[in-house]
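In: Quick one, structure for this:
(2 chains)
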Amino acid sequence: FMLTQPHSVSESPGKTVTISCTRSGGSIATYYVQWLQQRPGSSPTTVIYEDNQRPSGVPDRFSGSIDSSSNSASLTISGLKTEDEADYFCQSYDSNNDWVFGGGTKLTVL
Amino acid sequence: QVQLVQSGAEMKKPGSSVRVSCKASGGTFNSNPMSWVRQAPGQGLEWMGKIVPIFGTTNYAQKFQGRVTITTDESTTTAYMEVSSLTSEDTAIYYCASGPVGVAKYWGQGTLVTVSS
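Out: Just a heads-up that it's a prediction; the model follows:
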């Protein structure tokens, strides 16, 4: 299966942005979705796991959701800060628990 | 909190092999699968394979079957990933990552492997 993300999004500081991740092959609701943030020159960090759970230390400006009707997941970041500028990847898995990543979305905060 | 600490950068010749280590602490090593992910320069994330330490079972992405070997040493809570027959296209940052089944939750800091003659 594949996970498809928009190549890039941009928004102004203080605003809200939503990044989508559409699954082709299998139900989005069957397999958890994770969201990873990767700042330039850094390793990925998980900002959302198991569809909508935030690891400790991740601000509540980050939220995740799934929509079975469109077979997609979304990452929403509210109150955008310049420090949120990064690449964001969605990740999920298949019936063998093998991982698949989306192609990544470059978020620009300008 | 689980921490994953990887070995340092490697410079390798084409045709050789490289082994990267990933030491886990702060959690129960056996309970979560350990995956390896690579990222070529300027590219996205690519899952390579995983091991379930408690069973020692492995799964590899088809692209890496036969060329990648993932192992663990429970006594030192360390996972290893070896890539053989290196080419310049294997130049990348290699990450270990773990979490509940199917879930990428914890990440190592990455190991840069450069393949050049």
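In: Please point out which parts of stretch A:45-54 sit buried.
Out: Applying a neighbour-count criterion of 16 or more other Cβ atoms under 10 Å in any protein chain shown, the buried positions in stretch A:45-54 are A:45, A:46, A:47, A:48, A:49, A:51, A:52, A:54. Where C-beta positions appear, they are placed from N, C-alpha and C, glycine not excepted.
In: tell me which of those residues is nearest to residue B:66?
Out: Relative to residue B:66, the closest of those is residue A:46; by Cβ to Cβ it sits at 30.3 Å.
In: tell me the average confidence for whatever helix or strand that closest one lives in?
Out: Under DSSP states H and E, the secondary-structure element containing residue A:46 is strand A:45-48. Strand A:45-48 shows an average pLDDT of 97 in the prediction.
In: now do stretch A:73-93
Out: Across stretch A:73-93, the per-residue pLDDT values average to 97.
In: Stretch B:28-43 too?
Out: Predicted confidence along stretch B:28-43 averages 92 (mean pLDDT).
In: residues of it that come out buried?
Out: Buried residues in stretch B:28-43, defined by neighbour count with 16+ other Cβ under 10 Å: B:29, B:32, B:33, B:34, B:35, B:36, B:37, B:38, B:39.
In: As TSV, those residues with secondary structure and distance to chain A would be great.
Out: Below are the buried residues of stretch B:28-43 laid out as TSV (DSSP: H, G, I helix; E, B strand; the rest coil; distance: Cβ to the nearest Cβ, whole Å):
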residue	secondary structure	distance to chain A
B:29	helix	18
B:32	coil	11
B:33	coil	7
B:34	strand	12
B:35	strand	6
B:36	strand	10
B:37	strand	7
B:38	strand	11
B:39	strand	8
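In: so what's residue A:22 closest to, chain neighbours aside?
Out: Using Cβ to Cβ, 6 or more residues apart in numbering or on different chains and skipping residues adjacent in sequence, the residue nearest residue A:22 is residue A:72, 4.2 Å away.
In: which strand residues sit across from the one you found in the sheet?
Out: The residues paired with residue A:72 through beta bridges, assigned by DSSP bridges, are residue A:22, residue A:67.
In: Distance check, it against chain B.
Out: Using Cβ to the nearest Cβ, to the nearest Å, one gets 18 Å for the distance from residue A:72 to chain B.
In: ok, that residue touching residue A:28?
Out: Yes. Using Cβ atoms under 8 Å, residue A:72 and residue A:28 qualify as a contacting pair, with a distance of 6.1 Å.
In: Please list all residues in contact with residue 78.
Out: All of this refers to chain A. For residue A:78, the contact set (Cβ atoms under 8 Å, 6 or more residues apart in numbering or on different chains) comprises A:16, A:61, A:63.
In: actually it's chain B I care about, not the one you picked
Out: Listed by Cβ under 8 Å, 6+ apart, the contact partners of residue B:78 are B:21, B:22, B:23, B:24, B:72.
In: Am I right that the fourth one falls within a strand?
Out: Yes. Residue B:24 forms part of a strand when assessed by DSSP: H, G, I helix; E, B strand; the rest coil.
In: separation between the residue of chain A at minimum distance from chain B and residue B:6?
Out: Across chain A, the shortest distance to chain B (Cβ to the nearest Cβ) belongs to residue A:93, at 3.6 Å. Applying Cβ to Cβ, to the nearest Å, one obtains 22 Å for the distance of residue A:93 from residue B:6.
In: swap in residue A:24?
Out: Counting by Cβ to Cβ, the gap from residue A:24 to residue B:6 is 32 Å.
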